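Trainee: sequence isn't available, so here's the structure alone:
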């Protein structure tokens, strides 16, 4: 599960900001695809642009994260739980 909230306080949309000539999220996607231990992924984001970039680099983004789970103070376990529950409800999608 890759959390990528659009409303970063320090650098807005930092997950798609350029880093080494590519969106930061592209490096995460490379690591996911290059791992022999990771067999699947879910990108959890509240931002359509981040979702589009994630998909462009091979990440699965089957939903838009709800606003109530996209706030600065939202705990990571709640975001993870939402993604896991979504996958269970959709039979791994």
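Mentor: Alright, I've got the coordinates. Note that the coordinates shown come from a computational prediction; the quantities given were computed from them, not determined experimentally. Numbers count the residues shown, from 1 in each chain.

Trainee: what residues of the helix ranked longest in the chain count as buried?
Mentor: Longest helix of the chain, by residue count under DSSP state H: helix 76-89. Residues of helix 76-89 classed as buried by neighbour count (16 or more other Cβ atoms under 10 Å): 79, 82, 83, 87. In this view, the C-beta of every residue, glycine as well, is placed from N, C-alpha and C.

Trainee: can you check stretch 6-22 too?
Mentor: Of the residues in stretch 6-22, those buried (16+ other Cβ under 10 Å) are 6, 13, 14, 15, 16.

Trainee: just the mean pLDDT for stretch 17-31, thanks.
Mentor: The predicted model gives stretch 17-31 an average pLDDT of 96.

Trainee: for residue 67, phi and psi?
Mentor: Backbone torsions of residue 67, given as degrees, to the nearest 10, read phi -60, psi -40.

Trainee: I'd say it and residue 46 touch.
Mentor: Yes: using Cβ atoms under 8 Å, residue 67 is in contact with residue 46, at 6.6 Å.

Trainee: these two: which is more packed in?
Mentor: residue 46 (21 against 10; other Cβ atoms under 10 Å).

Trainee: quick one: the more buried one from residue 76, how far?
Mentor: Residue 46 sits 14 Å away from residue 76, going by Cβ to Cβ, to the nearest Å.
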